[in-house]
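Participant: Build me a model:
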Amino acid sequence: MSARTLVLLRHAKSDWSTGGADRSRPLAKRGRRQAPEAGQWLAANVDRIDLAVVSPATRARSTWELVAAELDDPPRVLVDDRVYAASDDELLDVVRDLPHDAETVVLVGHNPGLEDLVSVLTDEMPGMPTSAIAVLRLPGAWSAAGPGTATLEAAGRPPE
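Facilitator: Here you go, the predicted model:
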């Protein structure tokens, strides 16, 4: 079984001034700038993406739409309710359930779950501010993902 690449992408900066429900909070002006930068970084640094798993929150879906617009060949998208406000354990279940034929997957979600997932999988603790990306390499099947099974290949907020 070939190695898998998991790209964790935290949603771009959201707009707290709307006063609406958390799930429907839109992107802020800064977020609408950050997300395409993340897409440009992915286009330049990740060869192919097979699947994007996206939180149903408006800010996450909007982030992915802006990111995907920068990719030459955007992947299929799965909006997964389990990603919204998920803990690291819940996100690990999402990862373990990824389709076996997807070698590279982007997971668009939220903190603290994403930061905690990076820590669990890699034993490293990079920060995941808005629009941050962490690229993890897993040696085998998604179902084998667990504590300390991944290597952190890259982390930061584009264009870093």
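Participant: From here on, just use CA atoms for contacts and neighbour counts.
Facilitator: Fine.
Participant: Which parts of this protein are strands?
Facilitator: Counting by DSSP state E, the chain forms strands over residues 4-10, 51-54, 76-79, 104-109, 133-138, 151-156, given from the N-terminal end onward.
Participant: Poorly predicted segments of this protein, please.
Facilitator: Within the chain, the stretches with pLDDT under 70 are 1, 159-160.
Participant: What ranges does it have for its helices?
Facilitator: With helices called from DSSP state H, the chain shows them at 29-45, 58-68, 88-96, 113-122.
Participant: Out of the ones you listed, which gets nearest to residue 20?
Facilitator: Within the helices of the chain, the stretch nearest residue 20 is helix 58-68; the backing value is 11.3 Å (C-alpha to C-alpha).
Participant: Show me what that closest one packs onto, helices and strands only.
Facilitator: In this structure, helix 58-68 packs against helix 29-45, strand 51-54, strand 104-109, with contacts taken as 3 or more C-alpha pairs under 8 Å, 6 or more residues apart in numbering; DSSP states H and E.
Participant: Of these, flag the one that's most buried.
Facilitator: The densest packing among the helices and strands packed on helix 58-68, expressed as mean neighbour count by mean count of other C-alpha atoms under 10 Å, is seen in strand 104-109 with a mean of 26.
Participant: who wins for proximity to residue 143 among the helices of the chain?
Facilitator: helix 88-96 (4.1 Å).
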